[in-house]
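Colleague: mind looking at a prediction? Sequence and model below.
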Amino acid sequence: MSDNLILAPVFIHLFIAIFQLIAWRKTVTQRILSVGGALVALISAAMLFTHVYVHGTITLNASNWKAPFSIVFVADLLGATMVVLTSIAGFAVSIFSATGLSRQRMLYGYFPIFHFLLMGLNGAFLTGDIFNLYVWFEVIIIASFVLMTLGGRRNQLEGALKYMSMNILASMFFLTGIGILYGMTGSLNMADLSIKMHDVQNRSLVGITSVFFILGFGIKSAVFPLYFWLPSSYHTPPSAVAATFGGLLTKVGIYAILRVNSLIFIPDDFTKKLLMVMAVLTILTGAFGSLNKMNIRRLFSYLIVCHIGFMVGGIAIFTKLALMGTVFYLIHDIMVKTNMFLISGVIMQLRGVITMEKLGGLYKEYPKISLLIAIVLLSLVGIPPLSGFWPKVYLFREAFTGQHYFFVAALILGSLVTLYVIAKMWAEVFWKDIPADVTVDNKFEPLPFLRKLLLLIPIGILAIASVYIGLNAEAIVQIVDRIAEELIDTSSYINAVFKK
Amino acid sequence: MELLLILVIGLLYTGGVYFILRRSMVKLLLGIMLLGSATNILIFVLGAIVKAKPPIIGSAQEVLNKTYADPVPQALILTAIVISFALTAFAIVLLKRVYALLETDDLDNLNTPEEEDI
């Protein structure tokens, strides 16, 4: 019975979405369903996580077919952790969008699509079948296309076109890879593939296939030569949508790279080198791109790219400590990046613009809100003891002992640039006096107290999560340690799937 | 038969890559569709193209030991076709909206600077 728990985070979002479709155009019902449902999903995710943490990996075979023949759902510690993070971020964004979004957007079906997106994310984290993973990816991208185009403003559609064509292309690479993989091994079950890949004679074909997967997931997670769609599309949709995208969508790509490279393709020297070069260049281009951006959301988009490089670098080193760094950074990054875009939404409400030249004086007018935001910004930069600091310790250490000096340099530069742009943003948005020629369009002040509070609560939840990750890093390290152990030695995953 | 299909796959990939490198939005869409078909046929070929060899175990036999047509790739292609149908439908509507708003088919014109932007 407890094995059915695996599908709870998927099904809860499916049912919320269906009920919301029934309540079409009834925005109040949809909002209540969304927030309540997201809370239930969070609870179920937490139950799944504690179950997995205590009893180890659990699996569910569809229709009770035996392992390699059925579509299997697997909740190992990595998958369960990702589901919990998705649910926390989803809950926060759901509160934020229920308060902050315009009624117009809700009437066009924002909420059902948002929950379909969360369903797709949870499914992708829990499936143990490579073709099923492809299907979940398609659920995610079609939902994200609709979220990105809802509203239909000119720059939104322009951004969506780039986003759409790159993502369809990525799926195509992924599907081609799956096809060749099936041709080589005759299996789609990831645990089964993990065993059968050892016996494949044609090693060069294995290498080529792994490049297909890296290309497909690389486009989705926005690594160096493949990231250009991200900064030209993520600033266009409203903040609540951008928060979901920025916090979760690129991280699915990283999760998939981790999963595929630990189970199916064990990275050889070529793959490691390829990933390392991509990681270093991703950090550098993301960092340099963020330097001259005055639009806050564009700045955050480039920071996403920059920090994706940190995680890919950890995968490229592929030692236990480096993987610990990567997974820890993943946990930290989902919380903080979601929060950053929510913050940009609040700034938009306060001032009506999000360009730094036209902003200022927020600290003088709203000292409490500014301090809340400051915590998040400091976590992003990685000031000890906040959450961004600890994963970097692991990454630095492993990069240094593994003599990846270019990566060390990129890490230092990336962190410094992050510090610089965030300091610049703080000075421009919060400390500087508001420019004399700007008339402020404050939509926040006239709101009733409860709505003001509801706009800030999601930011508070995510900020508390960041602070908790930072201050209670010992607990997180224990989880991350087990995840890295399972990624290096996949026998527990394989045994769980085959019920040995 | 297999050789013919392999040639078709090659042609479709070539055509698809050529089309997506063009600047026109419609050709971008056509290119994506061609690449999708190429991938589907690729998966189809991987499941052994044989005539009249269904994967059914006869009443006298215990296991299948001859070559047989693998049904799994066909199921995969069906799923992929349905998905790409939905994606293409969405893409066509999006292209039409973009064309109606911008009145251009050129991908290079898709960079309208926003007034509050760098």
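Modeller: Cool, the structure landed.
Colleague: same question for the helix or strand containing A:Thr271, mean pLDDT?
Modeller: Using DSSP states H and E, A:Thr271 falls within helix A:269-291. When pLDDT is averaged along helix A:269-291, the result is 92.
Colleague: for that helix, name the packing helices and strands.
Modeller: helix A:203-221, helix A:296-317, helix A:405-426 (3 or more CB pairs under 8 Å, 6 or more residues apart in numbering or on different chains; DSSP states H and E). In short, each C-beta sits where N, CA and C put it, glycine included.
Colleague: out of those helices, nearest to A:Leu77?
Modeller: helix A:296-317 (17.1 Å; CB to CB).
Colleague: can you name the residues that contact the residue at minimal distance from the centre of chain B?
Modeller: Nearest residue to the geometric centre of chain B (CA atoms, centre = their mean): B:Gly36, 1.1 Å. By CB atoms under 8 Å, 6 or more residues apart in numbering or on different chains, B:Gly36 lies in contact with A:172, B:80, B:84, B:88.
Colleague: any chance of TSV for those residues, columns neighbour count?
Modeller: Shown next, in TSV, are the contacts of B:Gly36 (neighbours: other CB atoms under 10 Å in any protein chain shown):
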residue	neighbour count
A:Met172	22
B:Ala80	23
B:Ser84	23
B:Thr88	15
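Colleague: spatially, what comes nearest to the closest residue to chain B within chain A if we skip its sequence neighbours?
Modeller: Nearest residue of chain A to chain B, counting by CB to the nearest CB: A:Gly183, 3.5 Å away. Distances taken as CB to CB, 6 or more residues apart in numbering or on different chains place B:Leu46 nearest to A:Gly183, at 3.5 Å, with adjacent residues excluded.
Colleague: just the pLDDT at that neighbour, thanks.
Modeller: pLDDT, B:Leu46: 83.
Colleague: verify the stated contact: it with A:Ile180.
Modeller: Yes: taking CB atoms under 8 Å as the definition, B:Leu46 is a contact partner of A:Ile180 at 7.3 Å.
Colleague: closest residue of chain B to chain A?
Modeller: For chain B, CB to the nearest CB, closest residue to chain A: B:Leu46, 3.5 Å.
Colleague: residue contacts, that residue?
Modeller: A:179-180, A:182-183, B:73.
Colleague: picking that back up, buried ones in the helix holding A:Thr271?
Modeller: A:271-272, A:274-276, A:278-287, A:289-290 (16 or more other CB atoms under 10 Å in any protein chain shown).
Colleague: quick check: which element contains the residue nearest to the centre of chain B?
Modeller: Going by DSSP H and E, B:Gly36 is part of helix B:25-46.
Colleague: and that helix, how far out from the chain middle?
Modeller: Chain-centre distance of helix B:25-46: 3 Å, with CA atoms, centre = their mean, to the nearest Å.
Colleague: following element in sequence after that helix, please.
Modeller: With DSSP H and E, the next secondary element past helix B:25-46 is helix B:71-102.
Colleague: quick one: that following helix to helix B:25-46, angle?
Modeller: 180 degrees (axes from the mean of the first three to the mean of the last three CA atoms, to 10 degrees).
Colleague: give the other helices and strands that helix B:71-102 contacts.
Modeller: Against helix B:71-102 (3+ CB pairs under 8 Å, 6+ apart) you get helix A:130-149, helix A:154-185, helix B:25-46.
Colleague: assign A:Gln201 to helix, strand or coil.
Modeller: coil (DSSP: H, G, I helix; E, B strand; the rest coil).
Colleague: list the contacts for residue 45?
Modeller: Let's take chain A. A:8-9, A:80, A:83-84, A:86-87, A:122.
Colleague: actually chain B
Modeller: B:2, B:5-6, B:9 are the contacts of B:Val45 under CB under 8 Å, 6+ apart.
Colleague: try it again at 7 Å.
Modeller: Contact criterion CB atoms under 7 Å, 6 or more residues apart in numbering or on different chains gives B:2, B:5-6 as the residues in contact with B:Val45.
Colleague: do A:Ser491 as well
Modeller: No residues are in contact with A:Ser491 under the rule CB under 7 Å, 6+ apart.
Colleague: sorry, back to before: can you dump the C-alpha atoms of the helix holding A:Thr271 in CSV for me?
Modeller: Extracted as CSV, the C-alpha positions of helix A:269-291 are listed here (Å, rounded to 0.1, in the frame of the first residue of the first chain):
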residue,chain,number,x,y,z
ASP,A,269,37.1,10.8,-19.8
PHE,A,270,35.5,12.3,-22.9
THR,A,271,32.1,13.0,-21.3
LYS,A,272,33.8,14.4,-18.2
LYS,A,273,36.0,16.8,-20.3
LEU,A,274,33.0,17.8,-22.4
LEU,A,275,30.9,18.6,-19.3
MET,A,276,33.8,20.4,-17.7
VAL,A,277,34.4,22.7,-20.7
MET,A,278,30.6,23.4,-20.9
ALA,A,279,30.5,24.1,-17.2
VAL,A,280,33.4,26.6,-17.2
LEU,A,281,32.0,28.4,-20.3
THR,A,282,28.5,28.4,-18.8
ILE,A,283,29.7,30.1,-15.6
LEU,A,284,31.8,32.7,-17.5
THR,A,285,29.2,33.6,-20.2
GLY,A,286,26.4,33.7,-17.6
ALA,A,287,28.5,35.9,-15.3
PHE,A,288,29.6,38.3,-18.0
GLY,A,289,26.1,38.5,-19.4
SER,A,290,24.7,39.6,-16.1
LEU,A,291,27.2,42.4,-15.7
